[in-house]
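Trainee: mind looking at a prediction? Sequence and model below.
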Amino acid sequence: YRKELHGPRWYYYELDSGDEVEPSDELSEEENRELFRKWLSERPLPDGDSNAGQAYSEKTVTMYVNWLKRIKIDSEHSIFATRDISTVEYYIDHVPDVFAETNGKQVPAAVRKYKEFILETQSGERRMETMKTCLEIERQPRTDRTYPLNVIIYGAPGTGKTYGTAEYALKITGTAIPDNRKEVMKAYNDLIRKGQVVFTTFHQSYGYEEFIQGLRPDTTSDKMAFKTVDGVFKRIADRALNDDQNNYVIIIDEINRANISKVFGELITLVEDAKRWGEVNETCATLQSGDVFAVPNNLYIVGTMNSADKSISLIDAALRRRFSFIEQRPDADLITDQTLKSVFTKLNLHLTDALGSADLLIGHSYFMSKTADDLPAIFNGNIIPLLYEYFYDNKKSVLKALGDALEGLGIEVIDDKIGRLYVQKKAE
């Protein structure tokens, strides 16, 4: 039956059977709650969510924890006091009517996540409470050197750098690569769900605290307090360190957009091949929290970099020495329409001659799965803005590039003297 609601407290249930629910004797209620918080913060959002594949935000994790804290299995204990699956399943199906208007769907989702957490941590697949530090783990030097441990895929805009990281991650983890893109992404997202692959994007506000470790307010404390929170890199590094059977991959999109020296911190030393944990010269570092940290030799770092933003010659020398660089070139063979292929080739040849740089080119993705009828839309929406950037807003240089690329195609360049150049089909 359901007990009477008391004040603002959301609900208070007892099992229909009337059985007493004993708190878990494996972990204290508080320990279990904080373990769930850590576990959920590392989970990817499910398919169908607008941010599918990304980690749950700290705000959402806190919201889930607070909802679950208010589910009482007796007068003293919340649901975090039990790890009994049948008990947890009961609450999934018996959310009281008080949640119907605002949280009728979200609260059962939180309970289902708690059930998933129990099953996973009980299964032994990822026993986070028994996670060892590097000093407790002895690894062997890696023998398979097919793929570099640290690699940056660089190239002009639209060359498919990020697109290709999914297949690259499958190869590194030893996962069979399906024939079609949909199945590739399904296999890739399965690895994300398992925590074997992590995707993140650097930006100007990205810091050491988000990547390695930092302090965050403890919203569960009754007084002002802070707690140490591991960042996205440390979390996957710790998982990889405790798993000697599988390779792990962290993909860093737009790696050159952050202050890399600031974000990496100790990693500048630890990511070096020879200093990875398990190699002869394995090295660890002590973080400000006192945690001993190392990067294992089964964790692969894959970065992507738009070379139009910054040439690899301008990247920090210490970082450049530790990474291999793979150029993703514009590829005309991926463009099926012959007219578009010709325009693409002539445009890039012109840019190479005019700018003397292989970094400031146009990628094939702008022209793929398109026809000659799409030329005005392609140029007005994508190519012309890039040309203005490449030529530092020099209208004459942009006009020359457009003239060379579109000659003889019935496309005219319009200069109305007010805005930027644009193209359109010539009137018949």
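Mentor: Happy to help now that I have it. These numbers were taken from a predicted model, which means no experiment stands behind them. Numbering: from 1, shown residues only.
Trainee: any regions of the stretch 51-200 of the chain where pLDDT drops low?
Mentor: Scanning the stretch 51-200 of the chain with the threshold set as pLDDT under 70 gives 52, 74-75, 85-87, 89-90, 92-106, 122-130.
Trainee: my guess is E58 contacts D218. True?
Mentor: No - using Cβ atoms under 8 Å, E58 makes no contact with D218, being 11.4 Å away. (C-beta placed from N, C-alpha, C; glycine too.)
Trainee: mind listing the shared neighbours of these two?
Mentor: When contacts are counted by Cβ atoms under 8 Å, 6 or more residues apart in numbering, E58 and D218 have no shared neighbour.
Trainee: may I see the buried residues of stretch 143-156?
Mentor: P148, L149, N150, V151, I152, I153, Y154, G155, A156 (16 or more other Cβ atoms under 10 Å).
Trainee: ok, the closest residue to the last one other than its chain neighbours - contacts?
Mentor: If I follow you right, that is A156. Closest residue to A156 apart from its sequence neighbours, by Cβ to Cβ, 6 or more residues apart in numbering: L361 at 4.0 Å. L361 makes contact with A156, P330, N348, L351, T352, according to Cβ under 8 Å, 6+ apart.
Trainee: what's the nearest residue to the third one if we skip its chain neighbours?
Mentor: It refers to N348. Using Cβ to Cβ, 6+ apart, the closest residue to N348 is L361 (5.0 Å).
Trainee: where does that neighbour fall, helix, sheet strand or coil?
Mentor: coil (DSSP: H, G, I helix; E, B strand; the rest coil).
Trainee: where does it land on pLDDT?
Mentor: You'll see L361 listed with a pLDDT of 94.
Trainee: likewise for Q288?
Mentor: 89.
Trainee: quick one on the thing from earlier: can you report phi and psi for the residue nearest to A156?
Mentor: phi -120, psi -180 (degrees, to the nearest 10).
Trainee: next one: it from Q338, what distance?
Mentor: Counting by Cβ to Cβ, to the nearest Å, the separation of L361 from Q338 is 20 Å.
Trainee: ok, now E138?
Mentor: Counting by Cβ to Cβ - E138 and Q338 are separated by 59 Å.
Trainee: nearest to L406 among the buried residues of stretch 143-156?
Mentor: A156 (19.6 Å; Cβ to Cβ).
Trainee: so that closest one makes contact with A308?
Mentor: Yes - using Cβ under 8 Å, A156 is in contact with A308, at 5.8 Å.
Trainee: quick one: common contacting residues for these two?
Mentor: D359, L360.
Trainee: tell me the first helix or strand C-terminal of the strand ranked longest in the chain.
Mentor: For the chain, the longest strand by residue count, based on DSSP state E, is strand 299-306. Sequence-wise, the next helix or strand downstream of strand 299-306 (DSSP states H and E) is helix 317-322.
Trainee: so what touches that following helix?
Mentor: Under Cβ under 8 Å, 6+ apart, the answer for helix 317-322 is N150, I260, S261, F264, I268, V271, E272, D273, I312.
Trainee: 10 Å instead?
Mentor: 149-150, 152, 255-256, 260-261, 264, 267-273, 275, 301, 303, 312-316 (Cβ atoms under 10 Å, 6 or more residues apart in numbering).
Trainee: what ranges do the strands span in the stretch 251-400 of the chain?
Mentor: 285-286, 292-293, 299-306, 324-327 (DSSP state E, counting those that start in this stretch).
Trainee: which strands and helices sit next to the second one?
Mentor: Secondary-structure packing of strand 292-293 (3 or more Cβ pairs under 10 Å, 6 or more residues apart in numbering; DSSP states H and E): helix 232-241, strand 285-286.
Trainee: how many other residues sit next to P44?
Mentor: 20 (other Cβ atoms under 10 Å).
Trainee: what separation do you get for it and I177?
Mentor: 21 Å.
Trainee: and for V413?
Mentor: 43 Å.
Trainee: for A110, what are phi and psi?
Mentor: Per degrees, to the nearest 10, the backbone of A110 is at phi -70, psi -40.
Trainee: nearest residue to it in space, please, no chain neighbours.
Mentor: Using Cβ to Cβ, 6+ apart, the closest residue to A110 is Y64 (4.3 Å).
Trainee: for L40, list the residues it contacts.
Mentor: So L40 contacts A55, Y56, T60, V61, T62, Y64, V65, A110, K113, Y114, E116, F117 (Cβ under 10 Å, 6+ apart).
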